[in-house]
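Engineer: model this:
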Amino acid sequence: MSASAQHYDVIRKPIITEKATMASEANAVVFEVAIDANKPQIKEAVEAIFGVKVKAINTLITKGKAKRFRGMLGKRRDVKKAYVTLEEGNAIDVSTGL
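Structural biologist: Numbers count the residues shown, from 1 in each chain. So this is what the prediction gives:
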């Protein structure tokens, strides 16, 4: 399956944290996605890029923290995450890279 550049714009990168690793045991993968991406776009992109069947998608937006840099107040960007639950028998190995 060929994935267009549009699909790679929707899915930014996989998130590998302790919580994401625990989610992988429940056949779920966590991705950082574009802030304006919706669930049908995310589903289409994951299915096209990885060639798997998606069962469900849960999304959340983490608000950026206020941080100081050299005494100046700055703000981290807001991040949208997608918890993608895969159908039985499907798997994505995010440790190998895209």
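
Engineer: Tell me the buried residues in the lengthiest helix in the chain?
Structural biologist: Assignment by DSSP state H gives helix 39-50 as the longest helix of the chain. For helix 39-50, the neighbour count (16 or more other C-beta atoms under 10 Å) marks Q41, I42, K43, A45, V46, E47, A48, I49, F50 as buried. Any C-beta I mention is one placed from the backbone N, CA and C, and that applies to glycine too.

Engineer: So what does the most far-flung residue of the chain relative to its centre look like in phi/psi?
Structural biologist: Here the chain reaches farthest from its C-alpha mean at G71, the gap being 32.6 Å by C-alpha atoms, centre = their mean. Main-chain dihedrals, G71, degrees, to the nearest 10: phi 80, psi -10.

Engineer: Equivalent analysis for V79, please.
Structural biologist: phi -130, psi 130.

Engineer: Who is the residue nearest the centre of the chain paired with across the strands?
Structural biologist: In the chain, the residue lying closest to the centroid (C-alpha atoms, centre = their mean) is F31, at 1.4 Å. Under the criterion DSSP bridges, F31 forms beta bridges with P14, A82.

Engineer: That one and E87: what is the separation?
Structural biologist: 17 Å (C-beta to C-beta, to the nearest Å).

Engineer: what do you get for L73?
Structural biologist: In terms of C-beta to C-beta, L73 sits 46 Å off from E87.

Engineer: Equivalent analysis for R68, please.
Structural biologist: 45 Å.

Engineer: Could you do F50 as well?
Structural biologist: Distance, F50 to E87, by C-beta to C-beta: 12 Å.

Engineer: picking that back up, more neighbours: R68 and E87, which one.
Structural biologist: Counted by other C-beta atoms under 10 Å, R68 and E87 do not tie: E87 has more neighbours, with 11 against 8.
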